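[1] Need the 3D shape of this:
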Amino acid sequence: MLKLGWDLVWTIINLIVLYLLMKKFLIGPVLGIMEKRKALIESQLDNAKTVQEKAEELKGQYEQALSSAKEESVQIIEDAKADARQMSEGIVKNANLQAAKIIETAKNTAEQERENAMQGAKAEIAGLAMEAAKKLLLDGSSENGNRMLYDEFLAKAGDAHDTDLH
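    Take a look at the predicted model:
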């Protein structure tokens with residue numbers, strides 16, 4: 001059987017003292033270090049979460065700025081196209097107005113030249129009529145002479161008319 005002696009009591013006391021010393025100097029500091037390490041890891045995880053949230057927020061801002069820049073570039077291109085369209089329409093209108101003015105001036109010039117030609121023809125006819133009247137008065141008036149003057153007048157008027165046309 002078991003014998004309870006002093007050796008057993010001293011062994012139990014030594015074990016209890018050893019346990020208390022290990023708890024105070026070994027287990028306590030190791031647990032303290034482990035708690036500090038756990039707290040450090042948790043704070044680093046919290047910091048990592050904060051940094052990740054900031055990064056996500058910045059990413060959202062950058063994406064929004066990028067989409068805004070794309071929209072702005074599309075708007076700038078549309079505005080430039082509209083301005084170019086307006087400028088081209090203005091240039092075409094201006095060219096049409098100038099062409100119309102040139103055509104109108106050409107018509108007026110042609111009309112003026114026609115009027116001048118008509119005035120010249122009228123003056124020529126009047127001169128021929130005056131010459132015929134003068135010959136009539138100088139030669140006297142006879143049926144045969146009148147017919148000859150009339151034919152001569154028509155011949156000269158026809159020649160004058162033909163030269164004006166060419």
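[2] What are the boundaries of the helices in the chain?
    For the chain, the helices defined by DSSP state H occupy 6-22, 28-139, 143-165.
[3] now the second one: mean pLDDT?
    It stands for helix 28-139. Across helix 28-139, the average pLDDT comes to 90.
[4] list the helices and strands that helix packs on?
    Applying 3 or more C-beta pairs under 8 Å, 6 or more residues apart in numbering; DSSP states H and E, we find helix 28-139 packed against helix 143-165. Where you see a C-beta, it was placed from the backbone N, CA and C, and this is true even at glycine.
[5] buried stuff in stretch 12-30?
    Buried residues in stretch 12-30, counted by 16 or more other C-beta atoms under 10 Å: none are found.
[6] any idea how far Gln86 is from the residue nearest the centre of the chain?
    To find the centre residue of the chain, average its C-alpha atoms and take the closest one (C-alpha atoms, centre = their mean): that gives Ala80, at 1.5 Å. When C-beta to C-beta, to the nearest Å is applied, the distance between Ala80 and Gln86 equals 11 Å.
[7] likewise Thr50?
    The spacing between Thr50 and Gln86, counted by C-beta to C-beta, is 53 Å.
[8] again with Val17
    101 Å.
[9] what's the answer for Thr109, then?
    34 Å.
[10] What are the neighbouring residues in contact with Glu152?
    Contacts were defined as C-beta atoms under 8 Å, 6 or more residues apart in numbering; by that measure Glu152 touches Ala132.
[11] give me that answer again for 6 Å
    The neighbourhood of Glu152, defined by C-beta atoms under 6 Å, 6 or more residues apart in numbering, contains no residues.
[12] Quick check, pLDDT for it.
    On the pLDDT scale, Glu152 gets 74.
[13] Also Met1?
    Listed pLDDT for Met1 reads 49.
[14] and what of the one 10 residues further on?
    In the predicted model, Thr11 carries a pLDDT score of 90.
[15] mind listing what it touches?
    Contact criterion C-beta under 6 Å, 6+ apart gives no residues in contact with Thr11.
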